[in-house]
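**Student:** Sharing a sequence plus its predicted fold:
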Amino acid sequence: MAYNLKEYAKKPERLAPGHRMCAGCGAPPVIRAVLRGLHPEDHAVITSATGCLEVCTYIYPYTAWEDSFIHTAFENSGATCSGVEAAYEALKKKGHLPSDKDVKFLAFGGDGGTYDIGFQSMSGALERGHDMVYFCYDNEAYMNTGVQRSSATPKYADTTTTPAGSVRPGKLQFRKDLTRVMVEHHLPYVAQTACFGNFSDITTKAEKAIYTKGPCFVNCLAPCPTGWKYNSADLMLVNKLAVETRFWPLYEVVDGKYTITYTPKETVPVSEFLKLQNRFKHLFKPGNEHLIEEIQADVDRRWEELVKLSNIE
């Protein structure tokens, strides 16, 4: 179902406010919105790769999670979740667990633990057909360990391993399109979303993924004030401009069929998104206009491809 703000607010809170995420971090609203996709009567088993989310929400013996939570290594959130799901199904078949209880299995990982280090275990778990959902909170770098570049990092972003200076203008490669890669796994449901507007898009897609039988994947934009270097109070503005500039399009793929779930009414130049973030400040120096134009061309190309895939005239 699609949620309005009142309906969204009625959903139970499953991530307690007692966590240590940074002010202005995009991950907490993403996780809260995703968990609101669970039906109140259902229980979830959640696995999380090592990263900001795990470090800041589960400080033994305290936890911010209302559901069962398993901290896994950086590289194996997908494998752990698939193993727990398989064990649960086996125990139900043997009569050791009630067959009428509905338990959902959710895996979380940042882009470092998903696009890169954890891709192998996630890809394998979803290819094997486990009834689980993998949610990536994409903050576009290895933020927990010091803002090193990942394959999700945008081209020309300044990171500690791709510093912008006189030798090179930040990272030299375009970011990986992981959502499209996961579509090629032939999953029943794949989506890309963000905390945008009234949060309806992200919670609706989370609910669809959780209650679609079989393996599903949802990629969620999760801006990072430390790595992206924006004002903490501008979190939702950063999310809004990521979507309105088409840098981060919102869409879903159901059984291979693409659907764009939000089309911006006006074309907003990607420079409006970039200039909020000091990781791109070098692009606005005289003589670097062509670098912004290159990013804009890539954004336009990806959007045109998505429009064609969605069969929009």
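**Tutor:** Sure, I can see it. Numbers count the residues shown, from 1 in each chain.
**Student:** Tell me where this structure has strands.
**Tutor:** With DSSP state E as the criterion, the chain has strands at 43-48, 58-59, 62-63, 68-71, 103-110, 133-138, 189-193, 216-221, 251-254, 257-260.
**Student:** Count the neighbours of residue 156 for me.
**Tutor:** 24 (other C-beta atoms under 10 Å). All C-beta atoms are positioned from the backbone trio N, CA, C, and that covers glycine.
**Student:** Which pLDDT value does the model give the residue lying closest to it once chain neighbours are set aside?
**Tutor:** The shortest distance from residue 156 to any non-neighbouring residue, by C-beta to C-beta, 6 or more residues apart in numbering, is to residue 170 (4.3 Å). At residue 170, the pLDDT value in this model is 98.
**Student:** just checking, residue 170 touches residue 157?
**Tutor:** Yes: contact status for residue 170 versus residue 157: in contact at 5.1 Å, counting by C-beta atoms under 8 Å.
**Student:** anything in contact with each of those two?
**Tutor:** Common contact partners of residue 170 and residue 157 (C-beta atoms under 8 Å, 6 or more residues apart in numbering): 279-280.
**Student:** Please identify which of the two sits among more neighbours.
**Tutor:** Neighbour count, other C-beta under 10 Å: between residue 170 and residue 157, residue 157 has more, with 26 against 21.
**Student:** what's near enough to touch that one?
**Tutor:** 140-141, 149, 170-171, 279-280.
**Student:** So what's the residue count around residue 181?
**Tutor:** Residue 181 is flanked by 15 other residues according to other C-beta under 10 Å.
**Student:** Could you measure from the closest residue in space to residue 113 that isn't next to it in sequence over to residue 242?
**Tutor:** Of all residues not flanking residue 113 in the chain, residue 49 sits nearest, at 3.4 Å (C-beta to C-beta, 6+ apart). Counting by C-beta to C-beta, to the nearest Å, the gap from residue 49 to residue 242 is 23 Å.
**Student:** Between these two, which has more neighbouring residues?
**Tutor:** residue 49 (28 against 21).
**Student:** That one and residue 111 touch, don't they?
**Tutor:** No: counting by C-beta under 8 Å, residue 49 stays clear of residue 111, with 10.4 Å between them.
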